[in-house]
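got a predicted structure here, sequence first:
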Amino acid sequence: MSRYKNILIIKPGAVGDLLQLTPVMRELNRSFPESGITLLVGSKASATMFLHNPHVSETIVFDRKGEHASLSEFLGLCRNIRRGGYDLVINFQRSNLKAWLLASAAFPCRVLVYRKARGRIVHAVVNHLETLSPLGIDPASVDPSLRLYTGPEEDAFAEESFRDAGISHKTVIALNAGASNRIKCWNPEHFAELANLLTQRLGAGIVLVGAGFERDLAEKIRAGMTAEPLDLVGKTSLLQLGAVLSRCDLLVSGDTGPLHMATAVGTPVAALFGAIEPLRTGPVGKGHRVIRHAEVPCVPCNGRSCTNETYLECMEKITPDEVFETVIEMLEERKGRTQCGS
């Protein structure tokens, strides 16, 4: 008989952070199969990512800057959590005071708290799994792969988009130019040059993906391209984006949510990393490549802005030709794996 019947996971974070928690959800479901798992997230959009996830019973939205900004609405959310009858709460947002108040609303119950690794480099996925150690779960024994589950409507959207763009039977490369902080971004002119190499030398179809606030980057890429891409920047839901990425042969992206979405649907990623440590937040699983110039003196750094005399030297060192050659190698490797598996 399962020791825990009702589990609450608290993580009102970004898309990539939530996807990196999917191994935790899967392992909790495996270890406590009779338990219901509720996930507390920070927005309605991020909640939709778990509509088809078989390991999540329910999602709760904590909109701290919107709906729950007022004291009365926040206290109402606390009451809802108290009524949930949770016997295990796992708080992955330990630096957020309101997240602690929400966790305390579930008392009396057992509470586990995530602690970010200090003084050692460990991938965020493994670091998250370490939180489960008090439950007798060995992080080293857990499959660390991310999973995003799409539904038939999202799959139909992706299929129709590819068909209308005339790329259904082509090699399709997705390009994601944006990130939460633009010091993580590769120059859109480089993306345009890469896109031209891919279309002219491979006959590939190009899909531009990203959020609506990254529209300016998409326009700069399109302006430098010689062929028309399928431009989906700001035009998809998160699950639609997942379905689109699942139909691509490869994604080229910096360190941001769509990178983790691609790994979570089984699409290889050519990850462009500058100052951020890829051993902490890079793509999880086989078949991915990280392109990074660690010889730049200030790499790695965790700054929110670039203070190098040569602005974003770590990203500018990455050339379109270098990424193109990496993409070619990755496509050949994928072709080889497919043939071996057939």
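Thanks, I have the structure now. Numbers count the residues shown, from 1 in each chain.

give me the low-pLDDT residue ranges for the stretch 201-342 of the chain?
Screening the stretch 201-342 of the chain residue by residue with the criterion pLDDT under 70, one finds the ranges 337-342.

the helices in it, which residues?
215-224, 238-246, 257-264, 278-281, 313-316, 320-341 (DSSP state H, counting those that start in this stretch).

check these for me and report the most buried one.
Highest mean neighbour count of the helices of the stretch 201-342 of the chain: helix 257-264, a mean of 27 (counted as mean count of other CB atoms under 10 Å). Where you see a C-beta, it was placed from the backbone N, CA and C, and this is true even at glycine.

and the residue lying closest to Asp231 once chain neighbours are set aside, what does it touch?
Of all residues beyond its chain neighbours, the one nearest Asp231 is Leu208 (4.8 Å), with distances taken as CB to CB, 6 or more residues apart in numbering. Applying CB atoms under 8 Å, 6 or more residues apart in numbering to Leu208 gives the contacts 174-177, 218, 221-222, 229-233.

and the residues you listed as a markdown table, adding distance to Leu28?
Shown next, in a markdown table, are the contacts of Leu208 (distance: CB to CB, whole Å):
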| residue | distance to Leu28 |
| --- | --- |
| Ala174 | 31 |
| Leu175 | 35 |
| Asn176 | 30 |
| Ala177 | 35 |
| Ala218 | 38 |
| Ile221 | 40 |
| Arg222 | 43 |
| Pro229 | 40 |
| Leu230 | 38 |
| Asp231 | 39 |
| Leu232 | 33 |
| Val233 | 35 |
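
nearest to Leu259 among those residues?
Top of the list for closeness to Leu259, among the contacts of Leu208 and by CB to CB, is Asn176 at 7.1 Å.

OK, contacts around that closest one?
Asn176 touches 208-210, 251-254, 256, 258-259, counting by CB under 8 Å, 6+ apart.

in a markdown table: the residues you listed, plus distance to Asn308.
Written out in a markdown table, the entries for these read as follows (distance: CB to CB, whole Å):
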| residue | distance to Asn308 |
| --- | --- |
| Leu208 | 28 |
| Val209 | 29 |
| Gly210 | 25 |
| Leu251 | 27 |
| Val252 | 23 |
| Ser253 | 22 |
| Gly254 | 17 |
| Thr256 | 21 |
| Pro258 | 26 |
| Leu259 | 23 |
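
how far away is the residue nearest to Asp231 from Gly178?
10 Å (CB to CB, to the nearest Å).

low-scoring stretches of the stretch 51-200 of the chain, by residue?
Ranges of the stretch 51-200 of the chain meeting pLDDT under 70: none found.

show me what contacts Leu102?
Counting by CB under 8 Å, 6+ apart, Leu102 makes contact with 10, 40, 62, 77-78, 81.

immediately after the helix or strand where it lies, which helix or strand?
Leu102 belongs to helix 97-104 when elements are defined using DSSP states H and E. Using DSSP H and E, the helix or strand that follows helix 97-104 towards the C-terminus is strand 110-113.

this completes my enquiry, with thanks.
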